[in-house]
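> Structure, please.
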Amino acid sequence: MTLQLNGQATEAASTMDTKLSEDSDEEIQYSVHSAASYSAAYHPRNILVDNPSDQSCRWSSSSNQDQYIILELHEPAIIRRINFGKFTKPHPCNLKQFKIYGGMQLVNCMELLSSGLRNDAEPESFRLNHHTKGIMFPVKYIKIVPLMAWGSPNGDFNLSIWFIGLFGIVHREVVQKAQTEYAKLQEKEAVRLCLKHFRQRNFMDSFEQLQKRTKIDLEAPVLTRLHDALVKDGNFNECERIVEEMVSQGHLKEYMSGLPYSSQWELLSKSETGQDESLPQPRGGHQMCINSAKGKIYLLGGFTGDDAGDLSDFWEYDILQKQWNVITRDTKLLGGPDKRSCHKMCINEKTEQLYILGRYLENSQNCQSDFYRYDIVEGRFVQLSADTLSEGGPPLIYDHQMCIDSDKNMIYVFGGRIIGNDGRYCGLYEYNCEQNSWKLLREDGSLDKDHIKLRSRIGHSMLFHKTERKLYFFAGQRGKEQYMSDFYTYDIDTNVLVEISRDTGKQGGPNPGYTQRATIDCDLHEFYVLSGLVRKDEPDNKTALKPPTSVNNSLWIYNMNTKSWFCAYSNGSEPKKWDEPSNTGPCPRFAHQLVYDAVNKKHYLFGGNPGINLHPELRLGDFWCLTLTKPPMSIAVQKCKFLLRRQRFKEMCLDNAQSALLYLQSELFSVVDHKDEAQSKEFRSLSGSLFSQKTDSNAETQERLRKERMSIYEQLLSFFPKSMTQPEENLVDLVAFNSEDMPK
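Okay, here's the model as predicted:
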């Protein structure tokens, strides 16, 4: 077992690393140390030469099982980026999956990256993890472990690497300082592992001497108090007081943030035929945005699905009054845009202004891209441009994404298909609302200096994080059969694009799809994705869509702090039909709209296409509110107290069964979560402990109780931040034996 100081990449950088921008990275010289195998003329040293036109200029393994290639740096360095060269066309031996490890010694390497290459001719670059616990660490060796080639599993193809380039910090002073800091960190963690081991085994003399000599704490002082009160003294009342103290200090917030949400839907209104003039009629391809501070939702346009075609009505929903109000049934009467669908709309909550861009057209005779602003206070539209393309902005597009930086009054537009231009896609644009000027930030598919390509698409999601000042892009569709599940961040101020994931579905997130809708909560550092159409996951059909009647809408939550996905809501394997009345949630759909009230933490969903084959013209007019809730803090406190009181009850059974019974029926009963079947069942089984008797000596009993209390203590640690607790690893697990060393 190898001690992993940090198993995942972190965006947190040390002060030194912050000062050293990636523009200062230098190419790092290396040689090939060894490889598991190679075939014919495809020697490992071939990866030192970048010659994409020569098919033989590569390392190729002799098999596709248990392969690796190890690179040895000429001098230790901090590697921040690795480049993969490729052949001039797709090749079945390209690496679909691989892992990269690094370290100062081959016997103690940590994982730096887990990813894969696209099967094309474009070179690719990946950022490598080079931080642990907030400091940079240098490496001397890089181990690349290929896991699968693009030709597998349909064929028995070997694994090939064409070229490797390493980039990072080679400045000797910086590297030596990082090496010293990392060595100190290793020393500290080694001492903490020893301290944990000594305390677990009750070698307290050794524990106290080591702690006195090193002045290194095993854990936060409050946890040491909890350990001593529980394990040494058996003072359960004091343990509960310490838990309450830690709750009041906010130490359980991290645990609570990791608990799953529960979802509750409420149907607010429903228009089935459009004859009720007090409600928006059914539609898809419409737009909504929300002013959370004012409690108002705005809806504009859309497509009815029938001969009536596109709409030009404009509505406002009052969240407090739970009432729709029509602003106008024809936006042109207020100087606004004409009928449209598949457009985009965003709102600046500070200036109370809406912006509308794009539309879908069946024919391409009039391809001018108009651009409008609506002033909520004045109640009128202003045409900002009759043709944004002629003013340096995007051409006429549809199914794009648009979001706004309200603080700086800047709008960002990405993706969408260009009308009348052979199906091409739009790049990333920035619009300055105050100067009425456009700027192209990135063209479709352009490569940056790190060889990272952001491909434009339709039906995707884009969000703006106002505190991080980053754009988030994910999923969508490109071409008729390419459904995507990639995930990127783009730093607006530094123009840095970072690929977070090639496939969110392989990291516990949503599967490839498009027309999903996304919202963000910058305070909670979470965003929410309500899926639309998703790819059918069948071996013989990797690009088909599920039948429309079985579209499964799921709400996924991404936690930006833990970089993890969680599914909070799903229609289920047999979701409700569109015409079945239900108060449990909306029927499956796509081309819907979703907005988020960041003040009251509620989502609002309207309309969409249920995708009924027999009724392709059908659109929905239902309006829902979704509330996501987490268990209260009292649940965590209750679980902690249950662990403590259960142990206290077991110890009471050894001395006074009658007192133990009363304690079971009162104090322990009061902290049981009777809705939790497992805990309720365990509580019922505890009565058997009333008949337990001492069968060992007093010393043996005390040692057994100490071990039981230690077990309870270590279970309690799961409720508190890892930064406060003892190491998760155990010293004995780091000791490994070769089979020949084992006794015969």
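> which residues sit in contact with E349?
291-294, 406 (C-beta atoms under 8 Å, 6 or more residues apart in numbering). Using the backbone N, CA and C atoms, a C-beta is placed for each residue, glycine as well.
> Find the nearest non-adjacent residue to it, please.
N291 (5.1 Å; C-beta to C-beta, 6 or more residues apart in numbering).
> do G392 as well
W438 (4.3 Å).
> so where is the stretch 401-550 of the chain shaky, pLDDT-wise?
481, 534-550 (pLDDT under 70).
> re earlier: just the buried ones from the contacts of E349?
Buried members of those, counted by 16 or more other C-beta atoms under 10 Å: 291-292, 294, 406.
> Serialize these to JSON lines and add fields for distance to K270 and secondary structure.
Output for the buried ones among the contacts of E349, formatted as JSON lines (distance: C-beta to C-beta, whole Å; DSSP: H, G, I helix; E, B strand; the rest coil):
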{"residue": "N291", "distance to K270": "24", "secondary structure": "strand"}
{"residue": "S292", "distance to K270": "24", "secondary structure": "coil"}
{"residue": "K294", "distance to K270": "25", "secondary structure": "coil"}
{"residue": "S406", "distance to K270": "32", "secondary structure": "coil"}
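> from these, which two are the most distant?
K294 and S406 (13.2 Å; C-beta to C-beta).
> L384 is in contact with P337, correct?
No - in this structure P337 lies outside contact range of L384 using C-beta atoms under 8 Å: 11.0 Å.
> and for those two, which residues touch both?
Y372.
> more crowded one of those two?
P337 (23 against 18; other C-beta atoms under 10 Å).
> separation between that one and F371?
Separation of P337 from F371 (C-beta to C-beta, to the nearest Å) stands at 9 Å.
> Now list whatever residues contact both of those two.
Joint contacts of P337 and F371 (C-beta under 8 Å, 6+ apart) are I356.
> Any idea which helix or strand in the protein has the lowest mean pLDDT?
helix 15-19 (a mean of 44; mean pLDDT, DSSP states H and E).
> Got the phi and psi for A183?
For A183, the backbone dihedrals (degrees, to the nearest 10) come out as phi -60, psi -40.
> since we're on it, how many residues are nearby?
Quick note: A183 (other C-beta under 10 Å) scores 12 neighbours.
> Run through the residues that contact it.
No residues are in contact with A183 under the rule C-beta under 8 Å, 6+ apart.
> likewise A386?
368, 370.
> For stretch 595-614, buried residues please.
Buried positions in stretch 595-614, judged by neighbour count with 16+ other C-beta under 10 Å: 595-598, 602-611.
> Equivalent analysis for stretch 703-715, please.
705, 709-710, 712-714.
> could I have that stretch exported to CSV, CA atoms only?
Output of stretch 703-715 as CSV, limited to C-alpha atoms (Å, rounded to 0.1, in the frame of the first residue of the first chain):
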residue,chain,number,x,y,z
GLU,A,703,-9.1,-3.8,27.3
ARG,A,704,-12.1,-5.0,25.4
LEU,A,705,-14.1,-1.9,26.4
ARG,A,706,-11.1,0.3,25.4
LYS,A,707,-11.1,-1.2,21.9
GLU,A,708,-14.9,-0.8,21.6
ARG,A,709,-14.7,2.8,22.6
MET,A,710,-11.8,3.4,20.2
SER,A,711,-14.0,1.9,17.4
ILE,A,712,-16.9,4.3,18.4
TYR,A,713,-14.4,7.2,18.4
GLU,A,714,-13.2,6.4,14.9
GLN,A,715,-16.8,6.1,13.7
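> what does it contact?
Counting by C-beta under 8 Å, 6+ apart, 200, 202, 226-227, 230-231, 234, 643-644, 647, 650-651, 696 sit against stretch 703-715.
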